[in-house]
Every structure is written in structure tokens, then in C-alpha cells.
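Asks: I need the structure of the sequence given here:
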Amino acid sequence: MIDRQVGNRPAALAAIDEATRAIGFAMACEAKTGMMLRALAASKPGGRLLELGTGTGVGTAWLLAGMDADARLDSVDNESSAQDIARRHLGDDRRVTFHLGEGAEFLARQPPRSFDLVYADAWPGKFTHLERGLALVNTGGIYFVDDLLPQSNWPDGHAPKVHALIEDLESRRGFVALKMAWASGLMMLIRAQP
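Replies: You can find the predicted model right below:
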């Protein structure tokens, strides 16, 4: 089995990748993470999904590729120049709603257990406001994070924050945790029955 091959890339991804390079955006999710996002989205038919950190829409495209016609995705980012690329290439898909603003403010407005999949790819809901991000996960739902293996673009002092996050997530009661030293370093928590 060769897991380096990326098959069935979302149709919009080539144009998004080109626009992403053009603005010098270096934080888009990589292809293996995208394949995982597609599979996780497919596991939630008719589900409500949340992406914290739209970026340029690379992860968004993968999520949409796995979603069925009845699923809905809310994607949040505070950087308009990046999110504009996602809007331009994915905005015609009625299943996605883009929110420009602070992730913490968006999290505060959402009722508990209102999402079947939360992809936390920004500081809010991951390194800050973690309690609120986890509170949004429905029973049987998935909380998913990436970039847990050392990355070349990490700022000084970031590694201890990642280590603390992993330890925190592993210790969460009411969730089943899975760590994967694959892609950029992935972790998911599934909310168990109450």
C-alpha cells in the first residue's frame, strides 16, 4: 500500500493552489490531511461541519468533496485576502457558508453540540478557546486537528504549546482520542455517548 499517492483531488484545488502560491500563503493543509478531511466529511451524511481557519480554501475543498448534498459547512477566517480565494473558487457551492471574522466570536455564538465535525485549523478552538471548540462537538461527532508534528513555519516557542495541546486532548473525559504520526501530525477526538 502506497499512501503517498493522492487520488481524486477536488476539481477546484488546482486553481486554489495556484492562487494560494500567488499570494504567498504558506499555511494551507497538505494533501494527506485533505484526504482525511474528505473521509471524515463523508462519514457525516447530512451533517453540520465547522472549519476554523478557511485560509485559501484548500481544506474547504477537501471537506466539500466528501460531503453529501444535505451536509452543511461553516468556514471561518479573519483574513479576507486568503478567504477571498476560497469564496471565488468555492462560493457557488450552496453547502458552504463563509464567515469573515474572529473565530473566538463565532465560537461564542454557537450552541453546544451543534456540529458533527469540527476541523480546528486556527488558534481559536485549538490553542485558545479550546473548551468552546470541544463543546460544539455533537455526540458521535469528531474534533480534528492537524500540524502536530514539527513544522518549518512554527514560530519560536510553539513546540511546547503543541505538546501541551496533545496532552490536554488525550486526557479529555467523554472523548475517545486517536493520534496519528501521519501527514502533518493528526489527532481526532470522538465524543462518546453521554
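
Asks: which positions within the helix or strand that contains Thr33 qualify as buried?
Replies: In the assignment (DSSP states H and E), Thr33 maps to helix 31-42. Within helix 31-42, the residues scored as buried using 16 or more other Cβ atoms under 10 Å are 31-38, 40-41. (Each C-beta comes from the backbone N, C-alpha and C, glycine too.)

Asks: got the phi and psi for the closest residue in space to Gly133 that isn't next to it in sequence?
Replies: Among residues not flanking Gly133 along the chain, Gly125 sits closest, at 3.1 Å (Cβ to Cβ, 6 or more residues apart in numbering). Phi and psi for Gly125, reported as degrees, to the nearest 10, are phi 90, psi 0.

Asks: isn't Gly125 up against Leu52?
Replies: Yes: with contact defined as Cβ atoms under 8 Å, Gly125 and Leu52 form a contacting pair (4.4 Å).

Asks: give me the common contacts of these two.
Replies: With contacts defined as Cβ atoms under 8 Å, 6 or more residues apart in numbering, the residues shared by Gly125 and Leu52 are 103, 107, 118, 133.

Asks: among the residues you listed, which lie within helices?
Replies: 103, 107, 133 (DSSP state H).

Asks: highest neighbour count among these?
Replies: Ranked by the number of neighbours (other Cβ atoms under 10 Å), these place Gly103 first, at 26 neighbours.

Asks: how close does that residue sit to Leu13?
Replies: According to Cβ to Cβ, to the nearest Å, Gly103 and Leu13 sit 24 Å apart.

Asks: do the same with Asp84
Replies: Distance from Asp84 to Leu13, by Cβ to Cβ: 17 Å.

Asks: re earlier: would you turn the buried residues of helix 31-42 into JSON lines with pLDDT?
Replies: What follows is the buried residues of helix 31-42, written out as JSON lines (pLDDT from 0 to 100):
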{"residue": "Ala31", "pLDDT": "87"}
{"residue": "Lys32", "pLDDT": "91"}
{"residue": "Thr33", "pLDDT": "93"}
{"residue": "Gly34", "pLDDT": "94"}
{"residue": "Met35", "pLDDT": "93"}
{"residue": "Met36", "pLDDT": "94"}
{"residue": "Leu37", "pLDDT": "97"}
{"residue": "Arg38", "pLDDT": "96"}
{"residue": "Leu40", "pLDDT": "98"}
{"residue": "Ala41", "pLDDT": "98"}
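
Asks: right, and out of those, which lies closest to Pro160?
Replies: The closest of these to Pro160 turns out to be Thr33 (Cβ to Cβ; 22.6 Å).
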